[in-house]
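Participant: Give me a 3D structure for the following:
(4 chains)
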Protein chains: 4
Amino acid sequence: MLRVAVVGASGYTGVELIRLLVGHPEIEISSVTSRQHEGLLISQVFPSLAGFCDLICEPVDIAAIAAKSDLVFTALPHKSAMEVIPGFLEAGCKVVDLSADYRLKDQAVYEQWYQEHSSPELLAEAVYGLPELFRSELAGARLVANPGCYPTSVALGLAPLLKNDLIDPATLIIDSKSGTSGAGRSAKQGSLYCEVNEGFKAYGVAAHRHTPEIEQTLSTLAGCDVAVNFTPHLLPINRGILSTMYATLRKDQTSEDLINLYRQTYADEHFVRVTPGGELPNVAYVRGTNFCDVGLVSDQRTGRVVVVSAIDNLVKGAAGQAIQNMNLICGFTEQLGLGIVPLFP
Amino acid sequence: MLRVAVVGASGYTGVELIRLLVGHPEIEISSVTSRQHEGLLISQVFPSLAGFCDLICEPVDIAAIAAKSDLVFTALPHKSAMEVIPGFLEAGCKVVDLSADYRLKDQAVYEQWYQEHSSPELLAEAVYGLPELFRSELAGARLVANPGCYPTSVALGLAPLLKNDLIDPATLIIDSKSGTSGAGRSAKQGSLYCEVNEGFKAYGVAAHRHTPEIEQTLSTLAGCDVAVNFTPHLLPINRGILSTMYATLRKDQTSEDLINLYRQTYADEHFVRVTPGGELPNVAYVRGTNFCDVGLVSDQRTGRVVVVSAIDNLVKGAAGQAIQNMNLICGFTEQLGLGIVPLFP
Amino acid sequence: MLRVAVVGASGYTGVELIRLLVGHPEIEISSVTSRQHEGLLISQVFPSLAGFCDLICEPVDIAAIAAKSDLVFTALPHKSAMEVIPGFLEAGCKVVDLSADYRLKDQAVYEQWYQEHSSPELLAEAVYGLPELFRSELAGARLVANPGCYPTSVALGLAPLLKNDLIDPATLIIDSKSGTSGAGRSAKQGSLYCEVNEGFKAYGVAAHRHTPEIEQTLSTLAGCDVAVNFTPHLLPINRGILSTMYATLRKDQTSEDLINLYRQTYADEHFVRVTPGGELPNVAYVRGTNFCDVGLVSDQRTGRVVVVSAIDNLVKGAAGQAIQNMNLICGFTEQLGLGIVPLFP
Amino acid sequence: MLRVAVVGASGYTGVELIRLLVGHPEIEISSVTSRQHEGLLISQVFPSLAGFCDLICEPVDIAAIAAKSDLVFTALPHKSAMEVIPGFLEAGCKVVDLSADYRLKDQAVYEQWYQEHSSPELLAEAVYGLPELFRSELAGARLVANPGCYPTSVALGLAPLLKNDLIDPATLIIDSKSGTSGAGRSAKQGSLYCEVNEGFKAYGVAAHRHTPEIEQTLSTLAGCDVAVNFTPHLLPINRGILSTMYATLRKDQTSEDLINLYRQTYADEHFVRVTPGGELPNVAYVRGTNFCDVGLVSDQRTGRVVVVSAIDNLVKGAAGQAIQNMNLICGFTEQLGLGIVPLFP
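Facilitator: Reported below is the predicted structural model:
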């Protein structure tokens, strides 16, 4: 049994990691940490977990956790993550980091969008853990930078088009909508029920920190520098991201042609489901699972393709993909512990 | 592998049965039926199931289904269920019926609240499948009447009090609130999003058909005739029933005393979780699972106990309990296929 | 024009007062205060108000506000309210207080449920502002204690029964459900969207601070001491309280008899609508308005009556009733500024 | 008093017309029709209206309605509307039509997207009732084609850019999201609470019937043929449309420059509110009102402008704009009856 710790267990990503790890046959949870709830059972913090995980929330003592853990999931805010990750690596743990701290390869870009980086020497080593696109880099990795939720939904939606040079990347427009769990569990007025419910708005327009991460991945896929308009919106639902993406096709293509290309591209990818022609994804159909559903329409009136992708931001956009990455770097079957059927309705 | 059919697969109870059966290691789904969607893949009807169950919806041909099935779940409306169940039994199938048709032991009571019963001779044989209360009757049963959603939440919430004669049954008041999936998937104006969202109402006051079922079970537990006020309400959520129940205690009891009694009563019951003193259930903490969470407060100012129970109406209130019953009548481990961690948030 | 100030304008009750006052033809808003947002326009705090009220949020300077105001609405938390109200009264303002500080006539009861009272000498003077029940006391009042949201829904629902001695008050059980705006606008984890949405729970069972206020009013109506079970629940909606109330009838009464009594009792009350027989209130039908809809069923099987009342907790449960009280103590037509049609859907 | 009829009163647009007309000081409602609910009080169909409008639902008898009405609002589905409108006009009534039947000037385009037009001779006469853009055409009009909800949100969001030739219309991409009341009140499975709640999807991609209407208006504003990508999505809220619109600027412009232009353009328009720099619209802030809130960001990294507009689809997107049009063609003050403050939360 692999011994894994969840550092930062009291957020929505933390509870989701525990939910999924409890059902994973090859691991045992060695430690959960929470500064805020130190000393409480994690099942007091999240009564949903009663009977499944009754560990006590510990403080983040690197030596103590490393002594009983083979792998650590860091579900901390950016900056807090890089304060502890070098220590865990030194102590011999593998790390799957769910923060943004090791996602951007270019230190300068990171520092422009976030803050000074305290361990830039690890940026080259960190593997960007989007298995469907970069699986070969994961085997044996010691440090995985788990992708952001929006970037995951975007990259899987656009990869077939960019890798096959079917669209003009300069025309890319990405309009994304996320459920409210993406805003985290800290008590902020903007995340209150009455502020979100029956409302809908864009936020962070032309300024969201996932933009450079999206552009880094799309540039890699396209083989050239890509700059995009990325507009996130806040949806009054708990879970789910839907990204609607627009680009001009280099040449005329029917929807059917493109759907076939997507089917081929993702034929061996368990976690990507291409919707049939005429159908498009709905976040409700991936709820609680590691799936990314992708569909598209070629609009021959305008020469553009419209791609729609849907994920559960807490699963494929965070905890599920982190476990998929753990499986890959530890030699387990990639889908282990992730065979969940979507909860509908 | 046990071969099981889901008759009436296109409702919310149907898709929930399939969701759970897909993860059950000892069964295979032999057939799914839907009059409305005959000829379509069930994964076209419910895209959430894509990749998990791609059977074609069949009509209800008893002989054809029985030929390939050992057990049949009937997820049909009342009346429709009793039209096919005798046929399945005759053909040698076991049946777990999720309708109301075999729940009431007294034919006259059934006919007063529903309509004429077409196979009253089966009422005596049918076992009321609430395992935590009537497990011993299930072994070897051929026909299980799966309890209603409200009655399940009520019976598990009140059983310890009634069995130990701690309350006056004449004072029982049951105020229940159900998520909208309980209203089914048929297109009715009253179930439209805009009619339910941001609304809340009582319905069926003093007239809901679950009343005689509740009273039948409570009378059995109490050992005397019990009549209750039962008021259901419609909650703007997808899943979940919360029942708040009031009764006068026969003698003074602290909350702690009563919680201890509940803990003892349900000590060996995997699917009943008694919340700690000071905490009460929330439907959000049982979402997607077969749990019934129960908590209570003894109000010494008024001499009453207030019991609160929470279930997922589609799982412990329908499909999950049906599978629990299948496990029991087929000799599987009771929890098989039901080890799901609640989805929160 | 009456000059009115809204002290504590940045909560949900504050913005609701402003929404309603803006449409009132006989008043002008002289001042809005907010410690948290001092110096901002109230329309920056609440963009919904843009173009309607562009006052700057002031600190609570009693002298400055009193100098430009004839009447002050205090929409502050309890304790904060009584720290400023004596000052406003001394300075010659009338006060309609939306906190709990002057609702309980008995200082000892207040201090048992809240904290020490700093101006108990005003308790006798303060008028409990539930016009439909105590209108005669309001004319000329200087200090109005605006009722709590739950107590309003309960008192209007039960008054005809208690005043006519038709029920046994000892059997009263009150099961209430409130929208989340009732929890206020301060950033608390329990009020986050993801904590409330798709959830439902009871809270404050046998311990909610509205209990003594409810009992005070019901005792007055009944002419004897009344103790009740009052259980509030948190609804995943923005606005609305539905109270479901149970009591044993002293003698057999049909639903029709009782509905007629309610119609007579409330015949001249513009803000109470009695639903027709067979229909029951829904919070959706009073949204945004000062109405209290009331309906009932007499359950002849159990001898109990079930009364259901619905209000908008921010209007009849707070700001609307406060304006109704202002109208009465200032000699305006009672309905002035409150002629709003419910927003449905 | 102007006598007005609401033909098709039992849908969401119908009840919204009545809600607003009840508060209009210069009209009286002469008739409401509903085939489905003929003979019922409209306040039985919509209990929210109890006490405000207790007319009986009539069948659509043109002569009878025309005899008692000066103006008719037709809130019928397309096709049904054009079956009765010529009759009302002939009988001397003015008509404000909320269907799509007279919005498209080009009969061929109408017939391509809808069906054969039965009164094409009226297309030239019908005035497209978007007052902020085409007010001068409305005075004295006999037949107003009330704009679609999506087209209203789009046209008001883009007009200042197109009229001033600041963007390349060929680059326009429109990503819109609508609350569920836009889908109407008829009982369809896709509009059920459990199908919509906690879900989010695009629909009608590259095929929605509002596309030609949007293109007609944008072409008029731009002075050239415009073809756009328009993608509607279904939001799990009752009311509101948010449109996020993207276009390439012809030359570099700061956000501030563009916001100033918008402020100037809409300086005299009561119903358009331009949000301050750094703020963007939220559908929650226009709830229940005739406002269109508009904001924008110029993204200098990509050379595009991102415009966001928000309306209440039932008010500015339907009933409110219809009353605004009525005011204009009947010589009332444009804002009469529409001075509603947004309901927040």
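
Participant: For the rest of this, base every contact and every neighbour count on C-alpha atoms.
Facilitator: Fine.

Participant: so what does the helix or strand hosting A:Leu296 touch, helix or strand wise?
Facilitator: Using DSSP states H and E, A:Leu296 sits in strand A:292-299. Packing partners of strand A:292-299 (3 or more CA pairs under 8 Å, 6 or more residues apart in numbering or on different chains; DSSP states H and E): helix A:149-163, helix A:255-265, strand A:272-274, strand A:304-311.

Participant: Show me the strands in the stretch 201-345 of chain A, by range?
Facilitator: Remark: strands assigned in the stretch 201-345 of chain A by DSSP state E, counting those that start in this stretch are A:201-202, A:229-234, A:241-248, A:272-274, A:292-299, A:304-311.

Participant: list the helices and strands the fourth one packs on?
Facilitator: Which is strand A:272-274. By 3+ CA pairs under 8 Å, 6+ apart, strand A:272-274 packs against helix A:255-265, strand A:292-299.

Participant: if we can go back for a sec, in PDB, list the C-alpha atoms belonging to the strand holding A:Leu296.
Facilitator: What follows is strand A:292-299, C-alpha atoms only, in PDB (Å, rounded to 0.1, in the frame of the first residue of the first chain):
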ATOM      1  CA  CYS A 292     -13.700  15.400 -19.900                       C
ATOM      2  CA  ASP A 293     -16.600  15.400 -22.400                       C
ATOM      3  CA  VAL A 294     -15.900  17.200 -25.700                       C
ATOM      4  CA  GLY A 295     -18.200  18.100 -28.600                       C
ATOM      5  CA  LEU A 296     -18.100  20.500 -31.400                       C
ATOM      6  CA  VAL A 297     -19.900  22.200 -34.300                       C
ATOM      7  CA  SER A 298     -18.300  23.500 -37.500                       C
ATOM      8  CA  ASP A 299     -20.200  26.600 -38.500                       C
END
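
Participant: Just give the strands next to it in its sheet, each with its orientation.
Facilitator: strand A:272-274 (parallel), strand A:304-311 (antiparallel) (DSSP bridges).

Participant: okay, now the closest residue to chain C within the stretch 51-200 of chain A: neighbour count?
Facilitator: Nearest residue of the stretch 51-200 of chain A to chain C (CA to the nearest CA) works out as A:Tyr193 at 3.6 Å. Neighbourhood size, A:Tyr193 [other CA atoms under 10 Å in any protein chain shown]: 28.

Participant: So it sits against C:Gln189, correct?
Facilitator: No - if you go by CA atoms under 8 Å, A:Tyr193 and C:Gln189 don't touch, sitting 10.1 Å apart.

Participant: sorry, back to before: run through who's touching the strand holding A:Leu296.
Facilitator: A:153, A:156-157, A:253-255, A:258-259, A:271-277, A:279-281, A:286, A:304-312, A:316, D:205-206, D:229 (CA atoms under 8 Å, 6 or more residues apart in numbering or on different chains).

Participant: just stretch A:121-130 next, same as before
Facilitator: By CA under 8 Å, 6+ apart, stretch A:121-130 touches A:102-107, A:134-135, A:137-138, A:141-147, A:152, A:321-322, A:325.

Participant: Buried ones among those residues?
Facilitator: Applying 16 or more other CA atoms under 10 Å in any protein chain shown to the contacts of stretch A:121-130, the neighbour count classes A:102-105, A:107, A:137-138, A:141-147, A:152, A:321-322, A:325 as buried.

Participant: What about these, which are in helices?
Facilitator: Per DSSP state H, helices hold the following members of those: A:107, A:152, A:321-322, A:325.

Participant: Now distance to chain C and pLDDT too, for these, in CSV please.
Facilitator: Supplementary listing: these in CSV, determined by distance: CA to the nearest CA, whole Å; pLDDT from 0 to 100:
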residue, distance to chain C, pLDDT
A:Gln107, 34, 98
A:Thr152, 22, 98
A:Gln321, 21, 98
A:Ala322, 22, 98
A:Asn325, 27, 98
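
Participant: got those as CSV, with distance to chain B columns?
Facilitator: What follows is those, written out as CSV (distance: CA to the nearest CA, whole Å):
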residue, distance to chain B
A:Gln107, 34
A:Thr152, 20
A:Gln321, 17
A:Ala322, 17
A:Asn325, 21
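
Participant: Closest to C:Ile340 out of those residues?
Facilitator: C:Ile340 lies nearest to A:Thr152 out of those, by CA to CA, at 46.9 Å.

Participant: count of neighbours near the nearest residue in space to the closest one that is not next to it in sequence?
Facilitator: Nearest residue to A:Thr152, sequence neighbours excluded (CA to CA, 6 or more residues apart in numbering or on different chains): A:Gly317, at 6.2 Å. Other residues within reach of A:Gly317, judged by other CA under 10 Å, total 28.

Participant: mind listing what A:Gly317 touches?
Facilitator: A:147-150, A:152-153, A:311.

Participant: top of the residues you listed by neighbour count?
Facilitator: Ranked by neighbours (other CA under 10 Å), these are led by A:Ile311, which has 33 neighbours.

Participant: Could you measure from the closest residue to it other than its chain neighbours over to chain C?
Facilitator: Excluding its sequence neighbours, the residue lying closest to A:Ile311 (CA to CA, 6+ apart) is A:Cys292, at 4.8 Å. Separation of A:Cys292 from chain C (CA to the nearest CA, to the nearest Å) stands at 22 Å.

Participant: what's the answer for A:Val22, then?
Facilitator: On the measure of CA to the nearest CA, A:Val22 and chain C end up 22 Å apart.

Participant: Helix, strand or coil: sort out the nearest residue to that residue once chain neighbours are set aside for me.
Facilitator: Nearest non-adjacent residue to A:Val22, counting by CA to CA, 6+ apart: A:Phe52, 6.7 Å away. Under DSSP: H, G, I helix; E, B strand; the rest coil, the three-state class of A:Phe52 is coil.
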